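1. Kindly return the folded structure for what I paste below:
(chains A and B)
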Amino acid sequence: MTLQFLADGVVMGAMLGLGAIGVTLTYSILRFANFAHGEFITWGAYITLAITAAIAMLAGGTPTFGIFSFGWPILAAGMMAAMLTGALALALDAVLFSRLRQRGSAIVMVMASFGASLALRSFLEFLFTSKPAYFSRDIQMAVPLGMGVRVTPDQIFLVGVTLVIFIAMDRFMALSASGRAMRAVSENPTLARVAGIDVERVIRTTWLAGGALACAAGVMIGITLQIRPFMGFDFLLPLFAAAILGGIGSVQGAIVGGLIVGISEALAVQIVGADYRAAIAFVILIAVLLVRPAGLFGLRQ
Amino acid sequence: MSSPVLSLEALEAGYEPGAAIIRGISLTVHSGEIVSILGPNGAGKSTLIKAVAGLVPKFRGKVILEGRDITAAKAHELARSGLAYVPQTDNVFTLMSVDDNLRLASDILAKPDRQGQIAAIYEIFPDLSRQRRLESGRLSGGQRQMLAIARALIARPRILILDEASAGLSPKLSGGLFAKLAEIRDGGVTIIMVEQNARAALAACDRAIIMSEGQIAHQGPAAQISADPSIGRLFFGMKSAGAAV
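-> Residues are numbered from 1 along each chain as shown, chains lettered A, B, ... in the order given. This next block holds a predicted model:
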């Protein structure tokens, strides 16, 4: 057994953590498990792909940064796509969730999110087909880090990006007025209202942030793996496992939960084989719900 | 008489349309007053102030704050318009520090004003200042109540509405709370408080409104109500003759 699983797990965990931040924020503030979150990941990746293709057409190619498989077009496209995915999340709230929210039934919201997930995925499949797509087909050479561990430059870059986004989100939640308002609405929406917070505005900020972070996760998955209509859906269970393991409402928890799920999955691949990989998130999810429902950084059960 | 701060005109309110709990209440609260709202359980006291604070739907009537019609205003807009409401329970953000509770409340002020106002509130509540880094869920009941009031005062309200602020507090802490409210009133804030503890409330307020079945059954100066034995028998279930409370 080598320590390669650690590197693979950290890379996977970084992607899960980014997606789980969006899950944990929407779950804690909107008070329902949004199963359409996986589609924001997929849509984010496809929108980035489409904008990258448009930039390549206009610029006459897709230049790359030195040792990386991608260049400025993907980063620029990713930023634009993050805004558009946030807008997609907002639009979904406006046409669907905001109407159901007034009725106050979480289970109706969850079922609606299932429906929205199916519709968004099918529409994407109609537009782009189910054939996998790639940001780059170049083969990257992994560089040795010592003790038999090898990682690609892209993977190092993406873990770094995750770290930067995590620190930015953590500080945003702790220090900014919007972050305080989000924490307040998450804990007690009625008190937040009498404290002068426009709860609907906080909900809109949450959808925007959740959509943008899902897009970032989608681009990372697209760069390291591939882009296909089911990519977000396949990540849904590990994302929820990471968010619940970390503790609903906690940004740090989402990242730590993502890393634990990612490393556990990678370890399972080495020990029992890749066939059982998908079961690991499920096992972690059940174990957390049974043993510590509030999660590691438990704010709420 | 000083100018009216809050007026209710034939207000009807409740949780379900067609099932009004507050049935045609009209009242006026003047600047610098401490007004207690008393009455038996189920009289509609808490529902009345929740309706004023924008948390319970209003069906008919008007709510006027310093001449402005605020009947249709949302709860968060009222907090920014000079009306502060402190709920009976869950009235602080327990997962946030004392400081973050106050910062959150100060976020509705202009940026240059925020830090100074937090410092001013810490001067009024020095006990909170010493615990500013503490998660507010770890405060004692009395300290939590003080933080809830401090949070409400951050936005410099013209009127402070409290729902059973002394509930669960020892007589000594209740006394301290009412003394603090008198201090806040002296600072220019008009106060309305719903109270179960009629004796303590009447001792602390200028005027009392007694509610029964969603309507005003009686109102008058606190001293007059305290001295009226019939009120104690009618509204507080006191069987013996003598003073009401």
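
2. By proximity to chain B, which residue of chain A wins?
-> Distances between chain A and chain B by CB to the nearest CB are smallest at residue A:196, namely 3.5 Å. From N, CA and C alone the C-beta is placed, and that goes for glycine too.

3. if I look at the closest residue to that residue other than its chain neighbours, how far off is residue B:103?
-> Distances taken as CB to CB, 6 or more residues apart in numbering or on different chains place residue B:79 nearest to residue A:196, at 3.5 Å, with adjacent residues excluded. Plainly put, residue B:79 is 15 Å away from residue B:103 if you go by CB to CB, to the nearest Å.

4. Which of the two has more residues huddled nearby?
-> Neighbour count, other CB atoms under 10 Å in any protein chain shown: between residue B:79 and residue B:103, residue B:79 has more, with 26 against 19.

5. re earlier: need the per-residue pLDDT for the residue nearest to residue A:196.
-> Looking at residue B:79, its pLDDT reads 91.

6. in what helix or strand does it lie?
-> Using DSSP states H and E, residue B:79 maps to helix B:75-80.

7. same check, this time on residue A:79
-> Here residue A:79 sits within helix A:72-92, counting by DSSP H and E.

8. Likewise for residue B:224?
-> Going by DSSP H and E, residue B:224 is in helix B:222-226.

9. Pull out the buried positions in that helix.
-> B:222, B:225-226 (16 or more other CB atoms under 10 Å in any protein chain shown).

10. where along chain B do the helices fall?
-> Assigned by DSSP state H, chain B shows helices spanning B:45-52, B:75-80, B:98-106, B:111-124, B:126-130, B:141-153, B:171-186, B:198-204, B:222-226, B:229-235.

11. before we move on, the earlier item: for the residue nearest to residue A:196, what are its contacts?
-> With contact set as CB atoms under 8 Å, 6 or more residues apart in numbering or on different chains, residue B:79 has these partners: A:193-196, B:85, B:108, B:155.

12. Share the number of residues neighbouring the spatially closest residue to residue B:60 that is not a sequence neighbour, please.
-> The shortest distance from residue B:60 to any non-neighbouring residue, by CB to CB, 6+ apart, is to residue B:12 (4.1 Å). When counting by other CB under 10 Å, one arrives at 17 neighbours for residue B:12.

13. quick one: low-confidence ranges for the chain?
-> Because you didn't say which chain, this covers chain A. Chain A contains residues with pLDDT under 70 at A:1, A:299-301.

14. Not quite, go with chain B.
-> B:1, B:232-245.

15. from it, which residue is nearest to chain A?
-> residue B:79 (3.5 Å).

16. what bridges to the residue nearest to residue B:60?
-> residue B:23, residue B:60 (DSSP bridges).

17. From residue B:105, how far off is residue B:114?
-> As judged by CB to CB, residue B:114 and residue B:105 stand 9 Å apart.

18. Tell me which of the two has more neighbours.
-> Shown here are residue B:114 and residue B:105; by other CB under 10 Å, residue B:105 has more neighbours (28 against 18).

19. That one: what's it in contact with?
-> A:195-196, B:151-152, B:154-155.

20. ok, and the closest non-adjacent residue to it?
-> Leaving aside its chain neighbours, residue B:105 sits nearest to residue B:154 (3.8 Å; criterion: CB to CB, 6+ apart).

21. I'd say that neighbour and residue B:101 touch.
-> No. In this structure, residue B:154 is not within contact of residue B:101 by CB atoms under 8 Å, at 9.1 Å.

22. What residues does the stretch 51-200 of chain A have near chain B?
-> For the stretch 51-200 of chain A, the contact set with chain B under CB under 8 Å from any CB of the partner chain comprises A:177, A:180-181, A:183-184, A:187-188, A:190-199.

23. The same query, at a cut-off of 10 Å, please.
-> Taking CB under 10 Å from any CB of the partner chain as the criterion, the stretch 51-200 of chain A approaches chain B at residues A:174-181, A:183-188, A:190-200.

24. What are the boundaries of the helices in the stretch 151-300 of chain A?
-> With helices called from DSSP state H, counting those that start in this stretch, the stretch 151-300 of chain A shows them at A:153-175, A:177-187, A:189-194, A:199-224, A:231-246, A:251-272, A:277-291.

25. can you list those helices in CSV and add mean neighbour count?
-> Formatted as CSV, the helices of the stretch 151-300 of chain A follow (neighbours: other CB atoms under 10 Å in any protein chain shown):
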stretch, mean neighbour count
helix A:153-175, 17
helix A:177-187, 22
helix A:189-194, 22
helix A:199-224, 25
helix A:231-246, 26
helix A:251-272, 23
helix A:277-291, 15
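
26. out of these, which comes closest to residue B:38?
-> Taking CB to CB, helix A:189-194 is the member of these nearest to residue B:38, at 22.5 Å.

27. which residues touch the residue lying farthest from the centre of chain A?
-> The C-alpha centroid of chain A is most remote from residue A:194, which lies 32.2 Å away (CA atoms, centre = their mean). By CB atoms under 10 Å, 6 or more residues apart in numbering or on different chains, the contact set of residue A:194 is A:188, B:50, B:53-55, B:75-76, B:78-79, B:83-87, B:91, B:105, B:151-152, B:161.

28. ok, residue B:86 touching residue B:151?
-> Yes. The pair residue B:86 / residue B:151 is scored as a contact, 7.9 Å apart, by CB atoms under 10 Å.

29. hey, what's in contact with both of these two?
-> By CB under 10 Å, 6+ apart, residue B:86 and residue B:151 have these common neighbours: A:191, A:194, B:92.

30. What is the nearest of these to residue A:232?
-> residue A:191 (34.3 Å).

31. separation between the closest one and residue A:289?
-> For residue A:191 relative to residue A:289 (CB to CB), the value is 28 Å.

32. what does residue B:59 give?
-> Taken as CB to CB, the span from residue B:59 to residue A:289 is 43 Å.

33. Run a quick neighbour tally on residue 99.
-> Just going to use chain A. For residue A:99, the number of neighbouring residues by other CB under 10 Å comes to 11.

34. Correction: the question concerned chain B.
-> 17.

35. if I look at it, how far off is residue A:195?
-> From residue B:99 over to residue A:195 (counting by CB to CB), the distance is 15 Å.

36. Please name the residues that touch residue 192.
-> Answering for chain A, as no chain was given. Residue A:192 makes contact with A:29, A:180-186, A:198-199, A:202, B:75-76, B:79, B:93, B:104, according to CB under 10 Å, 6+ apart.

37. To clarify, I was referring to chain B.
-> Shown in contact with residue B:192 (CB under 10 Å, 6+ apart): B:5-6, B:27, B:29, B:33-37, B:48-49, B:52, B:83, B:85, B:159-163, B:205, B:209.

38. re earlier: for the residue of chain A closest to chain B, what are phi and psi?
-> Residue A:196 adopts backbone torsions of phi 90, psi 10, taken as degrees, to the nearest 10.

39. Would you confirm that it contacts residue B:82?
-> No. Counting by CB under 10 Å, residue A:196 does not reach residue B:82; the two are 11.0 Å apart.

40. Could you check which of those two has the larger neighbour count?
-> Higher neighbour count among residue A:196 and residue B:82: residue A:196, with 23 against 20, using other CB under 10 Å.

41. ok, that one - contacts?
-> So residue A:196 contacts A:181, B:75-81, B:84, B:104-109, B:154-155 (CB under 10 Å, 6+ apart).
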